[in-house]
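> Just to be clear, the model below is a prediction. Sequence and coordinates:
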Amino acid sequence: MSGTIALRIGTMTNKSKLEKLNQEIIQCRKCARLVAWREEVARVKRKAYIDQEYWGKPVPGFGDPTARVVVVGLAPGAHGSNRTGRNFTGDASGAFLYPALYRAGFASQPTAESRSDGLILKDLYIAASARCAPPGNKPTLEELDNCQPYLERDLEILKPKVIVCLGRVAFERILKIYGIRNSKLKFAHGALYKLNTDSLYADLLNTEHWLLCSYHPSQQNTLTGKLTVKMFDDIWMKAKLLSK
Ligand code: SF4
């Protein structure tokens, strides 16, 4: 089989596996508190979006099915992706994230307004620690545990070379998924760790896989200067280099 054909079949397989997974995610109602919250927010709406139909469901993964870089966020924003149905779309975090991804060559455009805005991600896929909008942006441990199998399956399908964790919650979730209990591994912006390849990557033991940490691009971090444009650009340049 030629390399091109093999690559094309591989692409189709990943694409269909991710589509199947995303269909499952969208129908999930495992966390009663989050189901009630996401639907209540979608019903009441924010005044600025009163004429829009909110998504109000779990937000599936989004991006390139052959991505070598997987981004793990926290959870959908109540009036961002819980409204638009796509990760980091239609809120302030996305308005900081997508321009950075565009500058690094991972995104086809710097803006993300709706699922039909034409945005395409290249070599990058966005997932989350929890797929439903939580009250106060804080999913409980139980809710994160409920949602973890979806993230595990994203990683199993994509086998990324680089996982970028946006924030401590995502970092701790990845450590849990990989069964890493090394207390020396701390979350810090720019921290970089080589992943244990024994479990999910049994067939790729000779390849290096990385875990790269970044502050989350929430307004809490970007408006206070804790996360600057330069700091964020450095993360994506590093992710790009590591993914080669
Ligand atoms: S957070 Fe995850 S596990 Fe819980 S209801 Fe939403 S999709 Fe299901």
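Alright, I've got the coordinates.
> What ranges does this structure have for its helices?
3-26, 32-44, 81-84, 92-103, 141-158, 168-177, 219-222, 229-243 (DSSP state H).
> From the ligand, how far out is the residue nearest the centre of the chain?
Closest residue to the average C-alpha location of the chain: residue 127 at 2.6 Å, with Cα atoms, centre = their mean. Residue 127 sits 11 Å away from the ligand when distances are taken as Cβ to the nearest ligand atom, to the nearest Å. In short, each C-beta sits where N, CA and C put it, glycine included.
> Distance-wise, check that residue relative to residue 153.
Residue 127 sits at a distance of 10 Å from residue 153 (criterion: Cβ to Cβ, to the nearest Å).
> what does residue 140 give?
21 Å.
> What count of nearby residues applies to residue 15?
Here the number of neighbours of residue 15 (other Cβ atoms under 10 Å) works out to 14.
> can I assume it is in contact with residue 63?
No - under the criterion of Cβ atoms under 8 Å, residue 15 is not in contact with residue 63, lying 11.0 Å apart.
> how long is stretch 55-63 end to end?
18 Å (Cα to Cα, to the nearest Å).
> And for it, what's in contact with it?
Residues outside stretch 55-63 that contact it (Cβ atoms under 8 Å, 6 or more residues apart in numbering): 18, 21-23, 25-28, 38-39, 41-43, 76, 81-87, 121, 124-128, 131-132, 154.
> for the ligand, what are the nearby residues on the chain?
Contact residues, the chain versus the ligand (Cβ under 6 Å from any ligand atom): 25, 28-31, 34-35, 58, 130-132, 143, 146-147.
> now, which of these sits nearest residue 226?
residue 130 (22.4 Å; Cβ to Cβ).
> Quick check: that closest one vs residue 158, distance?
Taken as Cβ to Cβ, the span from residue 130 to residue 158 is 19 Å.
> more neighbours, the two?
residue 130 (29 against 23).
> who touches that one in this structure?
By Cβ under 8 Å, 6+ apart, residue 130 lies in contact with 34, 74, 75, 76, 139, 143, 144, 147.
> With residue 111 instead?
Taking Cβ under 8 Å, 6+ apart, we find residue 111 in contact with 95, 98, 99, 117, 119.
> Now for residue 65: which residues touch it?
When contacts are counted by Cβ under 8 Å, 6+ apart, residue 65 is found next to 11, 14, 15, 18, 125, 158.
> quick check, nearest of those residues to the ligand?
Nearest to the ligand out of the contacts of residue 65 is residue 18 (Cβ to the nearest ligand atom; 15.2 Å).
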